[in-house]
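In: Structure for this input, please:
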Amino acid sequence: MELIISVVCGALLAASFYLLMRRNLLRFVIGLIILGNAVNLLIFAMGRLTRARPPVIPKGQKVLEGAYANPLPQALILTAIVISFGLLAFTLVLVYRNFAANQTIESDEVRGSEPSDTLDVYDETKRLPA
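Out: Just a heads-up that it's a prediction; the model follows:
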C-alpha cells in the first residue's frame, strides 16, 4: 500500500510542478492546490500506513505496548491543511486583483502593464502622495 501511495504522491508532485511552471495564473493556483495535497499525502505516507490501535494510554499503564498509530503525521497534516488553505485564499485574492486591474491572467501580460519609463523618486512632480 505504501508503494502505491508513494507513486501517487510522485505523480501529484510532477503534475503540480508542471502546472506551477505554466504562464496562466489560474493554472498556477491549481498547481498550488495539488502541491499542498501531494505534500500532505507525502507526510501521511512517511508516518507509515498502519491500522493499529489509537495512541491512547489505557488507565493504569504508563506506556503503550504493541503497535499503535503515530499521531504526529496526523497533527502535521492538519496544520499543513490550514496553512495551505490560507495560502490558497491569499493567492486567489492576488489573482483576482490582478485580473481586475489588468484584465488578464497571463503572467507575461502582467509585465506589460508596467510603465516603460523609470520613476525618478527625486522629481517632486512624479512622486506619489504620502
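In: Met46 touches Leu72, doesn't it?
Out: No - using C-beta atoms under 8 Å, Met46 is not in contact with Leu72; the gap is 10.0 Å. For every residue, glycine as well, the C-beta is placed using N, CA and C.
In: And those two? Which one has more around it.
Out: Neighbour tally, Met46 and Leu72, criterion other C-beta atoms under 10 Å: the higher count belongs to Met46, 16 against 11.
In: how near is that one to Arg22?
Out: The spacing between Met46 and Arg22, counted by C-beta to C-beta, to the nearest Å, is 29 Å.
In: Ok, Leu76 next?
Out: Distance, Leu76 to Arg22, using C-beta to C-beta: 29 Å.
In: now do Thr91
Out: 14 Å.
In: Where does pLDDT dip in this structure?
Out: Residues of the chain meeting the criterion pLDDT under 70: 50, 52, 111-121, 126-130.
In: Excluding covalently adjacent residues, which one is nearest to the spatially most central residue of the chain?
Out: For the chain, the residue nearest the mean C-alpha position is Gly36 (3.9 Å; C-alpha atoms, centre = their mean). Spatial nearest neighbour of Gly36, excluding adjacent residues (C-beta to C-beta, 6 or more residues apart in numbering): Ser84 at 3.4 Å.
In: gap between the one you found and Leu35?
Out: Ser84 is 8 Å from Leu35, where distance means C-beta to C-beta.
In: what does Tyr122 give?
Out: Tyr122 sits 43 Å away from Leu35, going by C-beta to C-beta.
In: out of these two, which sits in the more crowded spot?
Out: Each of Tyr122 and Leu35 has its neighbours counted (other C-beta under 10 Å); Leu35 has more, 19 against 6.
In: following whichever strand or helix holds that one, which helix or strand shows up next?
Out: Element membership for Leu35, per DSSP states H and E: helix 25-46. Going down the chain from helix 25-46, the next helix or strand is helix 71-102, by DSSP H and E.
In: Thanks again, I'm all set now.
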